[in-house]
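Chemist: please work out how this folds:
(one chain, ligands or ions: 1)
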Amino acid sequence: MYFREGIRKNDPDVLAARLSALLDEESGLAYHRPKVAELLSDQELYDRDRGRVYVTADDKSLIESAGHYLIYGSEWLMCMLGHAGHEALRRRGVPTMLQLDLPLSAATVRERSQLAETLLQEWVRIKVNRPDWVPELDFTFCLRGDVPPEWLVGHYHPETVVDVHHSYIPRRTANPYCAHCRGAD
Ligand SMILES: [Zn+2]
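Modeler: Residues are numbered from 1 along each chain as shown. All right, here's what the predicted structure looks like:
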């Protein structure tokens, strides 16, 4: 789907519809409905990240330090469901790393400046420290629009992803194939 349609910016209305469908399908979450309704009425929470797409420069940091995006799929849904929804979210989908060729023109001047600073720091570290060691790069671009499919150049499914919400346990990807891998997309 991503290779056909790209990545859509965060739309809370679409996510709210998914949340509603999820609650219908997961009988175990029925008791949680009043709490979800209360959270949905919190406009600030509802609108968090509206219209945004976050893209990280380093897949290693995503797998080891922010694995919840891969394991649970949507931070917005996680916020609305809380811990009660973790098990249901883990059962859905396949942890997927989407690889982009991001045109730097899509980044803000501030992001480009911060990236230049980060790269300069890395250049200095290589010169004076350990050129054989690859650090985890914590660098994120915040895009304000959809990612067109032309920017997508690949994807893979990590074998294990660290779950930062559950004592940093490594979670093994049970079935590392998506519809695209199977040629069904
Ligand atoms: Zn796949």
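
Chemist: in the chain, which spans are helices?
Modeler: 2-5, 12-25, 33-40, 43-46, 59-65, 68-72, 75-81, 86-91, 109-128 (DSSP state H).

Chemist: nearest to the ion, out of these?
Modeler: helix 2-5 (9.6 Å; Cβ to the ion). C-beta coordinates here come from the backbone N, C-alpha and C atoms, glycine included.

Chemist: what about the helix or strand of the chain with the lowest mean pLDDT, near the ion?
Modeler: When each helix and strand of the chain is scored by mean pLDDT, DSSP states H and E, helix 2-5 comes last, with a mean of 88. No. Contact of helix 2-5 with the ion is not found when judged by Cβ under 5 Å from the ion; the minimum separation is 9.6 Å.

Chemist: neighbouring contacts of that helix?
Modeler: With contact meaning Cβ atoms under 8 Å, 6 or more residues apart in numbering, helix 2-5 is reached by 98, 149, 152, 155, 180, 185.

Chemist: just the buried residues of the residues you listed.
Modeler: 98, 152 (16 or more other Cβ atoms under 10 Å).

Chemist: so which of the contacts of helix 2-5 comes closest to the ion?
Modeler: residue 180 (4.7 Å).

Chemist: which residues touch the closest one?
Modeler: If you count contacts by Cβ under 8 Å, 6+ apart, then residue 180 has 1-3, 155 around it.

Chemist: just the buried ones out of those residues, please.
Modeler: Here, 16+ other Cβ under 10 Å leaves residue 2 buried among the contacts of residue 180.

Chemist: in the sheet, who's paired with residue 98?
Modeler: residue 155 (DSSP bridges).

Chemist: ok, it touching residue 155?
Modeler: Yes. Counting by Cβ atoms under 8 Å, residue 98 does reach residue 155; the two are 5.0 Å apart.

Chemist: so which bits of this protein are right by the ion?
Modeler: So far as Cβ under 5 Å from the ion goes, the chain lies against the ion at 178, 180-181.

Chemist: relative to residue 76, which of those is nearest.
Modeler: For these, the residue nearest residue 76 by Cβ to Cβ is residue 178; the value is 20.8 Å.

Chemist: for residue 99, see how far away the closest one is.
Modeler: 14 Å (Cβ to Cβ, to the nearest Å).

Chemist: how about residue 53?
Modeler: Distance from residue 53 to residue 99, by Cβ to Cβ: 14 Å.

Chemist: who has more neighbours out of those two?
Modeler: Legend: neighbour count by other Cβ atoms under 10 Å for residue 53 and residue 99, higher for residue 53 (19 against 12).

Chemist: contact partners for the most centrally placed residue in the chain?
Modeler: Centroid check for the chain by Cα atoms, centre = their mean gives residue 69 as the closest residue, at 3.7 Å. Shown in contact with residue 69 (Cβ under 8 Å, 6+ apart): 62, 75.

Chemist: distance of it relative to residue 96?
Modeler: Relative to residue 96, residue 69 is positioned 10 Å away (Cβ to Cβ).
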